[in-house]
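[1] here you go, sequence then predicted model.
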Amino acid sequence: MTMDNGKISVRYARALLNLARQEHCEEEVYEGLMRLTQNYDLAMAQFNEILTNPIIAMEDKVNLVKSAVGEPLHPCLAHFIEFLADQKRESSIYRIALKYQEMYRESKDILLTHVTTAADLPDETLRKLKGFVEQNFDCHAEMHISVDPSLIGGFILDIENDRMDASVAGQLEALKKKLK
């Protein structure tokens with residue numbers, strides 16, 4: 001009987017989080033896994049093809065995952081990647097990385113936020129937005145920022161599953177719906 005991918009991800013992510021706590025490297029592992037998932041997102045099809053291909057040597061798969069983490073690669077994370085390969089679970093690394101990030105943020109009371117702006121915002125404005133989130137949600141905010149000129153002006157703030165649309169494009173769309 002095989003274990004479902006969700007259970008695998010949770011178990012391995014929890015094991016890695018516990019190990020990282022013992023080794024006092026939770027944050028370094030978190031940052032490495034953030035880089036891994038960002039790079040994985042850029043080339044998901046190619047990663048999946050390589051990691052699930054039985055012809056490709058395990059050492060090559062391990063080296064691919066380590067290079068996707070980038071530098072610095074904490075020894076704790078490097079050993080975990082090798083351990084996953086030994087357990088024939090290398091193809092689960094992406095889901096495990098996402099689950100680890102989720103567990104880490106929950107344990108540190110970090111709220112994942114995404115700000116999309118029409119243009120680059122000054123650092124002071126970003127600090128104020130972060131302060132707004134931290135004060136109103138009583139947490140630490142991890143902000144990811146992207147620019148989308150189609151917003152015309154303003155910003156969109158995504159906080160977990162909620163959205164605050166303060167963009168000109170969003171206001172125009174709301175007005176258009178009202179007029180219909």
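    Received it, and whenever you're ready, just let me know what you need.

[2] report the buried residues of stretch 35-49.
    35-37, 39-40, 47 (16 or more other Cβ atoms under 10 Å). (Glycine included, C-beta is placed from N, CA and C.)

[3] where's the dip in pLDDT among these?
    Lowest pLDDT among the buried residues of stretch 35-49: residue 47, with 89.

[4] one step back: return the member of the buried residues of stretch 35-49 nearest to residue 171.
    residue 37 (33.0 Å; Cβ to Cβ).

[5] just to revisit the earlier point, can you put the buried residues of stretch 35-49 in CSV and add distance to residue 133 and secondary structure?
    CSV is the format used below for the buried residues of stretch 35-49 (distance: Cβ to Cβ, whole Å; DSSP: H, G, I helix; E, B strand; the rest coil):
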residue, distance to residue 133, secondary structure
35, 23, helix
36, 25, helix
37, 22, helix
39, 27, helix
40, 27, helix
47, 32, helix
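
[6] tell me which of those residues is nearest to residue 81?
    residue 36 (9.1 Å).

[7] so that closest one is in contact with residue 95, correct?
    No: between residue 36 and residue 95 there is no contact under Cβ atoms under 8 Å: 11.6 Å.

[8] pLDDT at residue 5, what is it?
    As predicted, residue 5 sits at a pLDDT of 69.

[9] ok, which stretches of this protein are strands?
    Ranges of strands in the chain, per DSSP state E, are 110-117, 140-147, 154-159, 162-167.

[10] how about those strands in JSON lines, adding mean neighbour count, distance to residue 18 and mean pLDDT?
    Shown next, in JSON lines, are these (neighbours: other Cβ atoms under 10 Å; distance: least, Cβ to Cβ, whole Å; pLDDT from 0 to 100):
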{"stretch": "strand 110-117", "mean neighbour count": "18", "distance to residue 18": "18", "mean pLDDT": "93"}
{"stretch": "strand 140-147", "mean neighbour count": "14", "distance to residue 18": "21", "mean pLDDT": "94"}
{"stretch": "strand 154-159", "mean neighbour count": "19", "distance to residue 18": "28", "mean pLDDT": "89"}
{"stretch": "strand 162-167", "mean neighbour count": "14", "distance to residue 18": "31", "mean pLDDT": "87"}
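
[11] nearest to residue 70, of those strands?
    Among these, strand 140-147 comes nearest to residue 70, with 17.4 Å by Cβ to Cβ.

[12] and for the spatially closest residue to residue 44 that is not a sequence neighbour, the neighbour number?
    Spatial nearest neighbour of residue 44, chain neighbours left out: residue 94 (7.8 Å); criterion: Cβ to Cβ, 6 or more residues apart in numbering. As a burial measure, residue 94 scores 20 neighbours (other Cβ atoms under 10 Å).

[13] and residue 94, how far from residue 21?
    Residue 94 sits 22 Å away from residue 21, going by Cβ to Cβ, to the nearest Å.
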